[in-house]
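Trainee: This is the structure alone, sequence omitted:
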């Protein structure tokens, strides 16, 4: 039995915990959930008993792995503490690593503590092939992300255009992944994961579109290198509770946890 802690109980954290609670991952047990405000959650008693707002109480628990699903600031606040606690760290909010100093600091801490930082594929695919191809070397990686207008409410794009009035696709960003990860912390974590697997934050080219003609969150990836070429299109069903993220993200985290508990691993 692998014991885990969870930081954050938003859409992804809740989906992960509920799947484990329902016995879908029988060799995994949640021992504690760190949240900012327990009073905002209406949850079953067994889940409520695991929740704490106190990080000291959270870190009194034994766990081999901690799943971060609470945003960039949570990575900054708790990343080193998780590693020092002797646990591996699964990071969902990988866009936090656009902060080069934070990335370097956590990598050094992981090495110092003999622990692992694990980035699940989450909303994107092909990371295994791109990571392998980057040894080749890799020449170019591009990402085009398209999401329907409802996915962009609460982001800086609302200041650029009237989302409710869009009738044609609107290019909200064109640049490199370091900037896209910083500007859209909840919506374009995929650009950060792609950068870490491939040619880095400053060489990965990104375009971001608001598209009123689509209903799925779509990511188009192209990569070229000595290994050959990748062209990949992913269409993710948005989460019913949070259209900024895909339904697949929690499933990807669960697959990562299953791999840690299994004697047979595929797709790495």
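Mentor: Received the coordinates, thanks. Not measured: the values here are computed from a predicted model.
Trainee: Could you look up the SS state of residue 3?
Mentor: strand (DSSP: H, G, I helix; E, B strand; the rest coil).
Trainee: so who does it touch?
Mentor: Residues in contact with residue 3 (Cβ atoms under 8 Å, 6 or more residues apart in numbering) are 28, 29, 30, 31, 61, 62, 63, 64, 65. (C-beta placed from N, C-alpha, C; glycine too.)
Trainee: Of the residues you listed, which count as buried by neighbour count?
Mentor: 28, 30, 61, 63, 64, 65 (16 or more other Cβ atoms under 10 Å).
Trainee: Just flag the most distant two among these.
Mentor: The most widely separated members of these, counting by Cβ to Cβ, are 28 and 61 (14.3 Å).
Trainee: Quick one: end-to-end distance for stretch 47-60.
Mentor: Terminal residues of stretch 47-60 lie 17 Å apart, using Cα to Cα, to the nearest Å.
Trainee: what sits up against that stretch?
Mentor: 5, 7, 9, 17, 21, 30-38, 41, 43, 78, 81, 85.
Trainee: Just to be sure, residue 223 is in a strand?
Mentor: Yes. Counting by three-state DSSP, residue 223 falls inside a strand.
Trainee: So it versus residue 188, what's the distance?
Mentor: 17 Å (Cβ to Cβ, to the nearest Å).
Trainee: How about residue 73?
Mentor: 17 Å.
Trainee: same question, residue 82
Mentor: With Cβ to Cβ as the criterion, residue 82 and residue 188 are 24 Å apart.
Trainee: same check, this time on residue 147
Mentor: 9 Å.
Trainee: Check which element follows the helix or strand where residue 82 lies along the chain.
Mentor: Element membership of residue 82 [criterion: DSSP states H and E] is helix 72-84. Going down the chain from helix 72-84, the next helix or strand is strand 88-91, by DSSP H and E.
Trainee: so who does the residue nearest the centre of the chain touch?
Mentor: Closest to where the C-alpha atoms of the chain average out (Cα atoms, centre = their mean) is residue 92, at 2.7 Å. Residues counted as contacts of residue 92 (Cβ under 8 Å, 6+ apart) are 12, 67, 68, 69, 120, 122, 189, 249, 253.
Trainee: Restricted to strands, list the residues you listed.
Mentor: Residues of these located in strands (DSSP state E): 67, 68.
Trainee: Provide a PyMOL selection command restricted to the buried entries of the contacts of residue 92.
Mentor: Burial among the contacts of residue 92 is assessed by 16+ other Cβ under 10 Å; the matching PyMOL selection reads:
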select buried, resi 12+67+68+69+120+122+189+249+253
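Trainee: Relative to residue 217, which of the contacts of residue 92 is nearest.
Mentor: residue 249 (10.1 Å).
Trainee: What is the distance between the helix holding residue 82 and the centre of its chain?
Mentor: Centroid separation for helix 72-84 versus its chain: 14 Å, with Cα atoms, centre = their mean, to the nearest Å.
Trainee: Could you give me the buried positions within that helix?
Mentor: 72, 74, 75, 78, 79, 80, 82, 83.
Trainee: Repeat that for stretch 144-157.
Mentor: For stretch 144-157, by 16+ other Cβ under 10 Å, it's 144, 145, 146, 147, 148, 149, 151, 152, 155, 157.
Trainee: For my notes, please list the residues you listed in CSV and give distance to residue 116, pLDDT and secondary structure for each entry.
Mentor: As requested, the buried residues of stretch 144-157 are exported to CSV (distance: Cβ to Cβ, whole Å; pLDDT from 0 to 100; DSSP: H, G, I helix; E, B strand; the rest coil):
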residue, distance to residue 116, pLDDT, secondary structure
144, 31, 96, strand
145, 28, 93, strand
146, 33, 94, strand
147, 31, 92, strand
148, 36, 94, coil
149, 38, 94, helix
151, 31, 89, helix
152, 34, 91, helix
155, 31, 88, coil
157, 35, 92, helix
